[in-house]
Structure formats: C-alpha cells, structure tokens
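*Asks:* Sequence and predicted model, in that order:
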Amino acid sequence: MKKSMYKTIVSIILVTIVTVSCAPVQEATKTVESVDAESVVIEDSAMEEKNSGVMAPEFELKDLQGNTYRLSDLAGEKIYMKYWASWCSICLAGLSEIDALSNMDTEFKVFTVVTPGANGEQSEQDFREWFEGLEYEHITVLIDTEAQLGKELNVRAFPTSVFIGSDGKIIEALPGHKSNEEIIEKVATFY
C-alpha cells in the first residue's frame, strides 16, 4: 500500500511540474506575439531619463572661431567636457590625447573648456594667440568667461572631466587626467 501511495504522490508531483513549467512558456509566446510598434515607442521614451543626477545648467559658450554652443542644442547627445588651463602641465601633456579623441568617431561630443582671465589663466586674446601656435587640429576649445559654468559644475581643479548624459544630467565631474580609454569606458556606462 505504501508503494502505491508513493507512486501516486510522485505521479501527481510530476504532472504538476510538467503542467506548471509549460504554461509560462505558452504565455510568454502570447505576450511576444502581442507586442506592437506603439508599445516599443513607449518603452524607448521611458528610457530617455535613465541617468541619475542633477540637470546640467544651461550654457552658451563660444569656441575660438566664434561658434556658439548651447546645452539645449545638444539635447540627446552625450557630452564629455575637459576643463583645463594653459599653465597646467598635466593638462598640456594630455592635449595630444584629447586631440586624437576629438577626431575619433564616438557616440559622444568632445569639448574642452578654458577660463580666460580666471583661475590664473591668461587673457582671452593671449590664450587665443598661444593656442593658435599649437598644432592641434581637432580640439574644440570653448571659452567660459569668468568661469561661470565651471563654478556651476563645481570644477575645482585642472584638469577636470565632466560627463553629461543625453538627457542633460551631470553624470560625474572627476578631477585629474583621464585617458581616452577611461573616457570611452565611462561614457559607455550611461545614456
């Protein structure tokens, strides 16, 4: 009698396991078949705000050629900004690297920022003349007059790398030199 009861219990358990394990597979197939383009768009728009952090302040900076750059014009783009100074030996040693990064086909925009007349930097005119004498062809240098944006981004040392997500949120501001490999790896970690 014990053997027959044991066989009955084992049979019930096996039938239950088979029935339960097959049901979700059939349900999942139905769910996949019911997905349409609208639900995909809704999911994509929900991904737009996946970065944590505070919104970067709106900025309007000119480059050395007089072109204007605004954060609002860069919406949807990841941004890497390197704050540096002409008197900073670590910054100068990294310029060839940032020139190479600026020339790469990356998934983010690369800018460098200087603060003429502030933080020991030379005047804007002197900086322009000095930089034109260098042989960097791909670096976009933005001018942060009075270091206003730098203050808002809490830049306290040179060089400082500022990472901004495609949603306009500040991901991180890191003092010290970052190699191109480190920059690319960091940008890959956020939206």
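*Replies:* Looks like it came in fine.
*Asks:* quick one, helices of the protein?
*Replies:* With DSSP state H as the definition, the chain shows helices at residue ranges 2-33, 37-47, 89-93, 95-103, 124-132, 148-152, 180-187.
*Asks:* Show the pLDDT at the residue nearest to residue 124 when sequence neighbours are not counted.
*Replies:* Take residue 124 and drop its neighbours on the chain: the residue closest to it by Cβ to Cβ, 6 or more residues apart in numbering is residue 116, 3.8 Å away. Where C-beta positions appear, they are placed from N, C-alpha and C, glycine not excepted. As predicted, residue 116 sits at a pLDDT of 95.
*Asks:* looking at the helices of the chain, which has the lowest confidence?
*Replies:* Minimum mean pLDDT among these: helix 37-47, a mean of 38.
*Asks:* Roughly how far does residue 167 sit from residue 183?
*Replies:* 19 Å (Cβ to Cβ, to the nearest Å).
*Asks:* and what of residue 103?
*Replies:* From residue 103 to residue 183 the distance is 14 Å (Cβ to Cβ).
*Asks:* Could you do residue 168 as well?
*Replies:* Distance from residue 168 to residue 183, by Cβ to Cβ: 19 Å.
*Asks:* for residue 68, same thing?
*Replies:* Counting by Cβ to Cβ, the gap from residue 68 to residue 183 is 24 Å.
*Asks:* For these two, indicate the residue with more neighbours.
*Replies:* Per other Cβ atoms under 10 Å, whichever of residue 68 and residue 183 has more neighbours is residue 183, with 21 against 10.
*Asks:* excluding its backbone neighbours, what's nearest that one?
*Replies:* residue 80 (5.8 Å).
*Asks:* swap in residue 178?
*Replies:* residue 161 (4.8 Å).
*Asks:* Next up, the contacts around that neighbour.
*Replies:* 80, 81, 82, 83, 173, 174, 176, 178, 183, 186 (Cβ atoms under 8 Å, 6 or more residues apart in numbering).
*Asks:* neighbours of the closest residue to residue 97 other than its chain neighbours, just the number please.
*Replies:* Counting by Cβ to Cβ, 6+ apart, residue 97 lies nearest to residue 180, which is 5.5 Å off, once chain neighbours are set aside. Other residues within reach of residue 180 by the criterion other Cβ under 10 Å amount to 16.
*Asks:* Contacts only, for residue 156.
*Replies:* With Cβ under 8 Å, 6+ apart, residue 156 has these contacts: residue 175.
*Asks:* ugh, wrong one, I meant residue 88
*Replies:* Going by Cβ under 8 Å, 6+ apart, residue 88 touches 158, 159.
*Asks:* Look up phi and psi at it.
*Replies:* phi -90, psi 110 (degrees, to the nearest 10).
*Asks:* I'd like the distance between it and residue 73.
*Replies:* 29 Å.
*Asks:* circling back: of the contacts of residue 161, which is the most crowded?
*Replies:* That'd be residue 83 among those, by other Cβ under 10 Å, with 28 neighbours.
*Asks:* Distance of that residue relative to residue 181?
*Replies:* 20 Å.
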